[in-house]
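>>> A structural model of the following input is requested.
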Amino acid sequence: MSLAVLGQQDFLKFVNHYYRVDPFEGKFSAFIKALSTDKQLLRKKYTNESERMYNFSGSYNVFNPFSVNANQIEMQFQSDKEEIYFGVPTPMYVYTLTARFDDNQFTRKK
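Predicted structure coming up:
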């Protein structure tokens, strides 16, 4: 097995662990639907500029993939730009999780 394939497998394991909704599983439309209907995702904000341009955010109070206890986990999925691949405009997206903590001496030390 090549190093490139091994690297891809590690990346997919990472994505599967850190995100409640895996963007690489199934079709893109199913991913968007699963993300937007996730019952643990609270305070959802959604704007759809076009069929391919999405901005979606929310926060988790229960789900926490990190090894430290955060007060809140924020999720954001947004359109970034379009690139041309093989002559076809292809949208690029950014999918992030951010952990929020109280501002105190203990959390600053970690």
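>>> How about the contacts made by residue 21?
31, 34, 35, 38 (CB atoms under 8 Å, 6 or more residues apart in numbering). For the C-beta atoms, the positions are set from N, CA and C on the backbone; glycine is no exception.
>>> Out of the residues you listed, list just those in helices.
Of the contacts of residue 21, the ones assigned to helices by DSSP state H are 31, 34, 35.
>>> Out of these, which is nearest to residue 14?
Nearest to residue 14, judged by CB to CB, of the ones in helices among the contacts of residue 21 is residue 31 at 16.8 Å.
>>> Which residue lies closest in space to that closest one, excluding its sequence neighbours?
residue 23 (5.2 Å; CB to CB, 6 or more residues apart in numbering).
>>> Repeat that for residue 78.
residue 55 (4.5 Å).
>>> is the one you found in a bridge, and if so with what?
Per DSSP bridges, the residues bridged to residue 55 are residue 47, residue 78.
>>> Count the residues that sit near it.
When neighbours are defined as other CB atoms under 10 Å, residue 55 has 15 of them.
>>> thinking again about what came up before, any chance of the contacts of residue 21 in TSV with pLDDT as columns?
What follows is the contacts of residue 21, written out as TSV (pLDDT from 0 to 100):
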residue	pLDDT
31	86
34	88
35	86
38	89
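>>> Look at the residue nearest the centre of the chain and report its pLDDT.
With distances taken as CA atoms, centre = their mean, residue 95 lies nearest the centre of the chain, 3.4 Å away. Per-residue pLDDT puts residue 95 at 89.
>>> What separation do you get for the nearest residue in space to it that is not next to it in sequence and residue 58?
Nearest residue to residue 95, sequence neighbours excluded (CB to CB, 6+ apart): residue 77, at 4.9 Å. Here the criterion is CB to CB, to the nearest Å. By it, residue 77 lies 9 Å from residue 58.
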